[in-house]
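Q: Take a look and give me a structure for this.
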Amino acid sequence: MKILVVDDEQLLVKGIKFNLENEGYQVETAFDGKTALDLARNNNYDLIILDLMMPEIDGLECCMKIREFSNVPIIMLTARSEDADKIIGFECGADDYITKPFNILELKARIRAMLRRAGGGQARQDSTITIGSLTLDTDQRIALRHGEPVELTAKEYDLIELLMKNPRRVYSRENLMNVVWGYSYAGDYRTVDVHIRRLREKLEDNPAEPAYIMTKWGVGYYFKG
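A: The predicted structure is shown next:
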């Protein structure tokens, strides 16, 4: 697996690189957003770790620009812990968020979980799910709307696959955080709302009046099968 680590704190980057290489990952590094963007355009990374505050181009802008041409999983790093900053990061296309200072074991656990989800499992006999105008190819992790591919981030795909595999089952925000993200952000369940809204914008014919991704008021979300 090939990982790009981007942060203007060179000692931090060196430490992350050392630990990830000891885990068997191939690691490349950058210290500003402009270099990171150039590397992301010219390489196929399995995951990008991206600092929020950087020179040249900050992490949010860099993340948005990467999302214009790639759905590579992105973990944002930041010294900020406010919920609003996390929500903005998810709005810009980040898949995960970790606040400095962090335990390197936690970072490695999140990387493993995200790569496992992004890489998919072994081929299954029934690798296609079709409900109405929406189709998922679960082997290739591709979403189709009216037969046309839709670009989804890793977490967006994980979320819609879970919902489509379990139609009419209502999931609370906490359930979705635990199942899709693999851990809880205490008090940060608005992250789910952000991803649901983006999925509706990408998959629904009329996001304001969704036909598939439904809200059970006061409870959570479900897929109308």
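
Q: Now do the helices in this structure.
A: Listed in chain order, the helices of the chain (DSSP state H) span 10-22, 33-42, 59-67, 83-91, 104-119, 154-165, 173-176, 190-203.

Q: lowest-confidence stretch among those helices?
A: Of all the helices of the chain, helix 83-91 carries the lowest average pLDDT, namely a mean of 77.

Q: Next up, the contacts around the most centrally placed residue in the chain.
A: Nearest to the geometric centre of the chain sits residue 95, at 2.4 Å (Cα atoms, centre = their mean). With contact taken as Cβ atoms under 8 Å, 6 or more residues apart in numbering, residue 95 is in contact with 73-75, 114, 153-155. Using the backbone N, CA and C atoms, a C-beta is placed for each residue, glycine as well.

Q: Pick out the most distant pair among those.
A: 75 and 153 (12.0 Å; Cβ to Cβ).

Q: which of these two has more neighbours?
A: Between residue 75 and residue 153, counted using other Cβ atoms under 10 Å, the more crowded position is residue 153 (23 against 20).

Q: phi, psi of that one?
A: Torsion angles at residue 153 (phi, psi; degrees, to the nearest 10) stand at phi -70, psi 170.

Q: looking at it, it is touching residue 70, isn't it?
A: No. The pair residue 153 and residue 70 fails to qualify as a contact (Cβ atoms under 8 Å) at a distance of 9.6 Å.

Q: Quick check: the residue nearest to residue 102 when sequence neighbours are not counted vs residue 49, distance?
A: Excluding its sequence neighbours, the residue lying closest to residue 102 (Cβ to Cβ, 6 or more residues apart in numbering) is residue 77, at 7.8 Å. Between residue 77 and residue 49 the computed distance is 6 Å (Cβ to Cβ, to the nearest Å).

Q: tell me, what's touching the two both at once?
A: Shared contacts of residue 77 and residue 49 (Cβ under 8 Å, 6+ apart): residue 7.

Q: any common contacting residues for residue 153 and residue 70?
A: What both residue 153 and residue 70 touch, as defined by Cβ under 8 Å, 6+ apart, is an empty set.

Q: hang on, the earlier thing: so the residue nearest to residue 102 bridges to which residues?
A: Residue 77 forms beta bridges with residue 51, residue 98, as assigned by DSSP bridges.

Q: Contacts only, for it.
A: Neighbouring residues of residue 77 by Cβ under 8 Å, 6+ apart: 7, 49-52, 59, 98, 100, 102.

Q: and these, which are buried?
A: Buried members of the contacts of residue 77, counted by 16 or more other Cβ atoms under 10 Å: 7, 49-52, 59, 98.

Q: would CSV of those with distance to residue 137 be doable?
A: Listed next are the buried ones among the contacts of residue 77 as CSV, based on distance: Cβ to Cβ, whole Å:
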residue, distance to residue 137
7, 35
49, 28
50, 28
51, 34
52, 33
59, 31
98, 30
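
Q: what's the domain layout of the protein?
A: 2-119, 128-223 (automatic domain parsing).

Q: just how off-centre is the first one within its chain?
A: Domain 2-119 has its C-alpha centroid displaced from the chain centroid by 11 Å (Cα atoms, centre = their mean, to the nearest Å).

Q: Quickly note the distance from the nearest residue to residue 100 once chain neighbours are set aside to residue 148.
A: Leaving aside its chain neighbours, residue 100 sits nearest to residue 79 (4.7 Å; criterion: Cβ to Cβ, 6+ apart). Using Cβ to Cβ, residue 79 is found at 41 Å from residue 148.
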